[in-house]
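[1] Quick one: sequence and predicted model below, then my questions.
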Amino acid sequence: MHNRTIVRHIDDSIVRVTNGRILVLRRARGYAPLPLRLPSAIPDVLAVGAHLKNTIALSRGRDIFVSQHLGDLETREAYEAFRAETASMQTLFDAHPAAVVSDSHPDYLSSAYARSRPERHLRVQHHVAHAAACMAENEIAPPFLGVAWDGTGLGTDGTIWGGEFFAVREKRFDRVAHLRTFPLPGGDQAAREPRRSAMGLLYAMAGEAAFEWQDLPPLQTFTDAERGALRQILTRRVNTPETSSAGRLFDAVSALLGIRQRNTFEGQAAMELEWSADETGTDVYPLVVTPSTARSGDHHSARIVDWERMVSALLEDQRAGLRTGIIAARFHRTLAASILSVAQHMELERVALSGGCFQNALLTRLTIAALSAAGFRVYTHQRIPPNDGGIALGQIAAAAYMGMV
């Protein structure tokens with residue numbers, strides 16, 4: 001039976017209500033600046049947030065104040081509002097920032113703005129900020145496992161991250177696991193065309209043989225010329241970054257099931273995949289969590305959450321005529337089980353869930369249920385959005401925790 005989910009405006013904030021549980025998706029001016037507390041006082045710090053769904057944050061002593069939703073900085077109007085709000089908040093709180101912290105992606109307009117200021121410029125990786133935002137909102141004292149699943153964010157290894165697990169302890173955020181990477185043909189265009197994410201996923205599984213699977217919905221939407229061009233950019237790795245993104249994995253599965261091949265708004269494919277799920281049943285797909293032979297920059301071995309067996313079984317079900325709703329539900333349950341598997345390996349009692357993928361009510365509910373049943377304490381966002389609207393809060397919290405300020 002489906003949960004009842006309603007998206008409402010409350011005093012111009014946008015919230016999602018699922019069976020009585022309220023999740024803030026976007027906060028309006030009436031609820032901002034919203035103060036949250038740090039464990040101890042730090043110098044004044046200004047955080048300029050992410051590029052999309054931008055908010056800014058300002059610390060004063062132990063308090064962090066988070067602005068209202070400012071928008072995507074790719075529009076002139078949003079960027080002007082962003083600059084005005086940074087000045088307004090500093091005036092309002094008579095703050096004199098000792099440092100300005102930004103995302104580690106150098107091409108974000110917010111990062112460029114931070115570099116233009118005279119204060120010391122600090123950088124916090126995107127998914128570290130997600131985990132730190134949940135830590136700050138819930139006032140969690142490390143150690144804990146931070147799960148940061150979203151669309152994209154530049155990783156420290158130069159790839160596009162988005163399905164990340166961090167062990168947070170000893171003033172460190174160690175990347176201890178992540179989803180297996182796959183190529184994104186066309187880069188940012190894959191976010192607008194889930195069929196491209198699907199082709200990247202299939203190519204990672206089968207190489208050029210994937211182009212012979214003409215029975216699959218994504219392949220049927222490309223012309224012969226488009227398939228030829230895709231083959232070229234995948235084999236030559238032209239504008240084809242590697243990603244561990246959970247958001248792009250959702251997109252790929254939505255396209256493979258014939259639900260959505262092109263998005264008309266952000267997150268559409270993943271949302272329709274969630275809505276299609278028939279929650280009856282308990283079956284999950286096989287999925288392997290294995291140690292990696294590579295080591296990350298912090299010298300901790302990362303485990304790989306390998307989705308290949310899951311996708312293979314999912315395609316077998318589709319070809320056998322199993323209903324899309326049943327397949328979609330099994331996919332969600334499998335991802336929740338993968339988070340539990342990593343948590344059990346890390347043996348950290350507390351687990352914090354952050355990132356835009358946890359706006360998916362079904363994924364969040366299944367993950368909380370699986371972790372709670374196994375004895376873990378689970379923390380989610382309530383007052384701050386799990387998406388990039390929480391990045392500014394996390395930038396200050398991470399910088400404070402790691403002793404950068």
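    Received, thanks. Since this is a predicted model, take the numbers as computed values, not measurements.
[2] Which stretches in the protein count as helices?
    76-92, 109-116, 126-138, 189-192, 194-206, 217-221, 224-236, 246-256, 268-276, 308-319, 324-346, 361-373, 391-401 (DSSP state H).
[3] average model confidence for the third one?
    It stands for helix 126-138. What helix 126-138 shows for mean pLDDT is 98.
[4] In terms of secondary structure, what does it contact?
    strand 34-47, strand 144-154, strand 160-169, strand 172-179, strand 350-354, strand 377-379, helix 391-401 (3 or more Cβ pairs under 8 Å, 6 or more residues apart in numbering; DSSP states H and E). The way it works is simple: take the backbone N, C-alpha and C, and place the C-beta from them, glycine included.
[5] run the last query once more with 6 Å
    Applying 3 or more Cβ pairs under 6 Å, 6 or more residues apart in numbering; DSSP states H and E, we find helix 126-138 packed against strand 144-154, strand 160-169, strand 350-354, helix 391-401.
[6] what's the domain layout of the protein?
    With domains defined by automatic domain parsing, the chain comprises 1-30, 32-124, 130-388.
[7] chain center to the second one, what's the gap?
    Distance, stretch centre to chain centre, for domain 32-124: 20 Å (Cα atoms, centre = their mean, to the nearest Å).
[8] hang on, the earlier thing: turn the domains of the chain into TSV, including distance to Ala399 and mean neighbour count.
    Below are the domains of the chain laid out as TSV (distance: least, Cβ to Cβ, whole Å; neighbours: other Cβ atoms under 10 Å):
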stretch	distance to Ala399	mean neighbour count
domain 1-30	22	14
domain 32-124	5	19
domain 130-388	8	20
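[9] Confidence-wise, which of those is weakest overall?
    domain 1-30 (a mean of 50).
[10] picking that back up, and the helices and strands packed on helix 126-138: which comes nearest Trp307?
    Proximity to Trp307 (Cβ to Cβ) singles out strand 160-169 among these, at 9.1 Å.
[11] Can you name every helix or strand that that closest one contacts?
    Counting contacts by 3+ Cβ pairs under 6 Å, 6+ apart, strand 160-169 packs against helix 126-138, strand 144-154, strand 172-179, helix 246-256.
[12] ok, 8 Å please
    Contacts defined by 3+ Cβ pairs under 8 Å, 6+ apart place strand 160-169 against helix 126-138, strand 144-154, strand 172-179, strand 242-243, helix 246-256, helix 324-346.
[13] Compare those and report which one is nearest to Ile160.
    strand 242-243 (3.9 Å).
[14] Which strands or helices does the closest one pack on?
    Packing partners of strand 242-243 (3+ Cβ pairs under 8 Å, 6+ apart): strand 160-169, strand 182-183.
[15] make it 7 Å
    Strand 242-243 sits against strand 160-169, with contacts defined as 3 or more Cβ pairs under 7 Å, 6 or more residues apart in numbering; DSSP states H and E.
[16] now the angle from the strand it packs on to helix 246-256?
    Strand 160-169 runs at 140 degrees relative to helix 246-256, counting by axes from the mean of the first three to the mean of the last three Cα atoms, to 10 degrees.
[17] In CSV, list the C-alpha atoms belonging to strand 160-169.
    The C-alpha trace of strand 160-169 is given here as CSV (Å, rounded to 0.1, in the frame of the first residue of the first chain):
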residue,chain,number,x,y,z
ILE,A,160,32.0,13.0,-10.0
TRP,A,161,30.9,11.7,-6.6
GLY,A,162,27.3,11.2,-5.5
GLY,A,163,27.0,7.8,-3.7
GLU,A,164,29.3,8.3,-0.7
PHE,A,165,29.9,6.9,2.7
PHE,A,166,32.1,8.7,5.3
ALA,A,167,33.4,7.5,8.6
VAL,A,168,33.4,10.7,10.7
ARG,A,169,35.8,10.5,13.6
